[in-house]
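J.: Need a 3D model of the following:
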Amino acid sequence: MKVALLSDCYPPRTGGIESQVSDLAVHLLAAGHEVEVFTATRGAKGERGGTVEIVDGVPVHRMALHLPGDVPVNPMAPPVVRARLQHGGFDIAHVHLGVVSPFAWDMARVATGLGLPTALTFHCVLDKAALTLRPALRTWTGQGAVLSAVSEVAAKGVGHAAPGLPVGVVPNGIDPGAWPAGPVRFTARPLRVVTATRLAPRKRVGALLRVVADAHARLGPGALVLDVFGDGAMRALLESRSAALGLGDVVRWRGSVSRSELAGHYRECDVYLSTTRLEAFGIAALEARTAGLPVIARADSGLAEVVTDGTSGLLAPDDAGLTDALVRLAADATLRTRLAQHNVGTPPSQTWGRVVDLVVAEYRRAGA
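T.: Numbering: from 1, shown residues only. Reported below is the predicted structural model:
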């Protein structure tokens, strides 16, 4: 099967969609499919304007423009991509969408307009955007496109935007070998807490700092430290807020690191903490859980589908509950060890072999 993957974002940009689409391309290729990527993200050496480069054996059509901040937007791309799809011998177009994905929305219009079998996968929780997208989804599904999302939570939002239509669930994939778990170790103090996230408003890092500050106040000095991996435009503001909350000796801003470096750091930590709510899946939390860390997260986010409360982590109904869970794990070494031992001994179900099978099933549904 010849597959076109179409996404606003792709490496060298970093983020959930970027890593998932690039990993999907590689694993589809390994499964015997032919894959090409179309993206509005420039290449590592500035490739853009329709340049095709080979990345990990996959042709990547770089449709980026020269724009401030290299934002992945190109309203002039549709005619070029339409011609390449029309003459490229593709069997399926797989469009990857977020709440704000202008390039991907354009690609959905192009692919369905060509009559090319099209799979549309949402990597976001639509929330209030569901109603505004209803006309577009009605048009595209009327032209044969099939809908899916990366979790049941995200699929529910897509269902609100496309009432009466089936919405598949295709989870994000993970390679457990890339996140090896170390031996379960116990240190009395401090509790080593970690998170990996973009420093952006949607990720609620400010709320995370408040949760840690409240837990620190209850546990006392020296009881915990937090390592924050990731970067973004809000870093300076968040560092100032951390200082204002009295967390100068508690929170350590680690910046962006490679996957292998992050996996190594996870083996030195005790607990992964997430405060996100509008999280469709939570690949970072799944990576940490695969590495053996108990995960603390909100029960009203997509992370509830990769964390089982009381088995692989603790789920909370709100931010106050997250603080309670953090204090509980800091005080209860037996519980923390039990959760970690489960995660070390029980690989996640969202392996790439299974995910590729689900993706190909979506392609066949679109073709039908």
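
J.: Need phi/psi at residue 241.
T.: phi -60, psi -40 (degrees, to the nearest 10).

J.: now do the one 10 residues further on
T.: In this entry, residue 251 is assigned phi and psi values of phi -100, psi 130 (degrees, to the nearest 10).

J.: Using the record's assignment, carve the chain into domains.
T.: Using automatic domain parsing, the domains assigned to the chain come out as 2-173+351-367, 176-345.

J.: first vs last residue of the last one, how far apart are they?
T.: Terminal residues of domain 176-345 are spaced 12 Å apart (C-alpha to C-alpha, to the nearest Å).

J.: let's have the chain start at 13 instead
T.: Let's use 13 as the start, then, which means that last one is domain 188-357.

J.: Pull the number of nearby residues for the residue nearest to residue 111 when sequence neighbours are not counted.
T.: Spatial nearest neighbour of residue 111, chain neighbours left out: residue 136 (4.7 Å); criterion: C-beta to C-beta, 6 or more residues apart in numbering. All C-beta spots, glycine's among them, are computed from the backbone N, C-alpha and C. For residue 136, the neighbour count with other C-beta atoms under 10 Å is 24.

J.: Residue 136 reaches residue 166, doesn't it?
T.: Yes: assessed by C-beta atoms under 8 Å, residue 136 is found in contact with residue 166 at 6.5 Å.

J.: who touches both of the two?
T.: Common neighbours of residue 136 and residue 166, counting by C-beta atoms under 8 Å, 6 or more residues apart in numbering, are residue 292.

J.: would you put the C-alpha positions of whichever strand or helix holds residue 327 in PDB?
T.: Taking DSSP states H and E as the criterion, residue 327 maps to strand 325-328. Extracted C-alpha coordinates of strand 325-328, given in PDB (Å, rounded to 0.1, in the frame of the first residue of the first chain):
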ATOM      1  CA  GLY A 325      -0.300   5.200  38.800                       C
ATOM      2  CA  LEU A 326      -2.800   7.500  40.600                       C
ATOM      3  CA  LEU A 327      -5.600   9.400  38.900                       C
ATOM      4  CA  ALA A 328      -7.100  12.500  40.500                       C
END
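
J.: other SSEs contacting it?
T.: strand 307-310, helix 331-343 (3 or more C-beta pairs under 8 Å, 6 or more residues apart in numbering; DSSP states H and E).

J.: contact partners of it?
T.: Residues contacting strand 325-328 (C-beta under 8 Å, 6+ apart): 284, 301, 306-311, 315-316, 319, 321, 334, 336-337, 340-341, 351.

J.: got the buried residues for that strand?
T.: 325, 326, 327, 328 (16 or more other C-beta atoms under 10 Å).

J.: Could you do stretch 367-378 as well?
T.: Neighbour counts using 16+ other C-beta under 10 Å place 367, 368, 371, 372, 374, 375, 378 of stretch 367-378 among the buried residues.

J.: Ok, stretch 154-164 next?
T.: 155, 157, 158, 159, 160, 161, 162, 163.

J.: what's the residue nearest to the fourth one when sequence neighbours are not counted sitting at in phi/psi?
T.: Spelled out, it's residue 159. In this structure, residue 159 finds its nearest non-sequential neighbour in residue 179, 4.8 Å apart by C-beta to C-beta, 6+ apart. Phi and psi for residue 179, reported as degrees, to the nearest 10, are phi -120, psi 110.

J.: likewise residue 22?
T.: Dihedral angles for residue 22 - degrees, to the nearest 10 - are phi -160, psi 150.

J.: tally of neighbours for the closest residue to it other than its chain neighbours?
T.: Sequence neighbours aside, residue 51 is the residue nearest to residue 22 in space, at 3.9 Å (criterion: C-beta to C-beta, 6+ apart). By other C-beta under 10 Å, 29 other residues sit near residue 51.

J.: which residues pair with residue 51 across the strands?
T.: On the basis of DSSP bridges, residue 51 is bridged to residue 19, residue 74.

J.: Now do the contacts for it.
T.: 18, 19, 20, 21, 22, 72, 73, 74, 75, 76, 84, 115.

J.: Out of those residues, which comes closest to residue 243?
T.: Proximity of the contacts of residue 51 to residue 243 (C-beta to C-beta) peaks at residue 21, which lies at 15.6 Å.

J.: The closest one and residue 31 touch, don't they?
T.: No: contact criterion C-beta under 8 Å: residue 21 and residue 31 do not qualify, at 9.6 Å.

J.: The two: who's more crowded?
T.: More crowded of residue 21 and residue 31, by other C-beta under 10 Å: residue 21, with 24 against 20.

J.: secondary structure element for that one?
T.: With DSSP H and E as criterion, residue 21 is part of no helix or strand.

J.: mind listing what it touches?
T.: With contact taken as C-beta under 8 Å, 6+ apart, residue 21 is in contact with 27, 29, 30, 33, 51, 52, 53, 84.

J.: burial count for residue 360?
T.: 18.

J.: any idea how far the closest residue to residue 312 other than its chain neighbours is from residue 22?
T.: Spatial nearest neighbour of residue 312, excluding adjacent residues (C-beta to C-beta, 6+ apart): residue 289 at 6.1 Å. Taking C-beta to C-beta, to the nearest Å as the measure, residue 289 falls 26 Å from residue 22.
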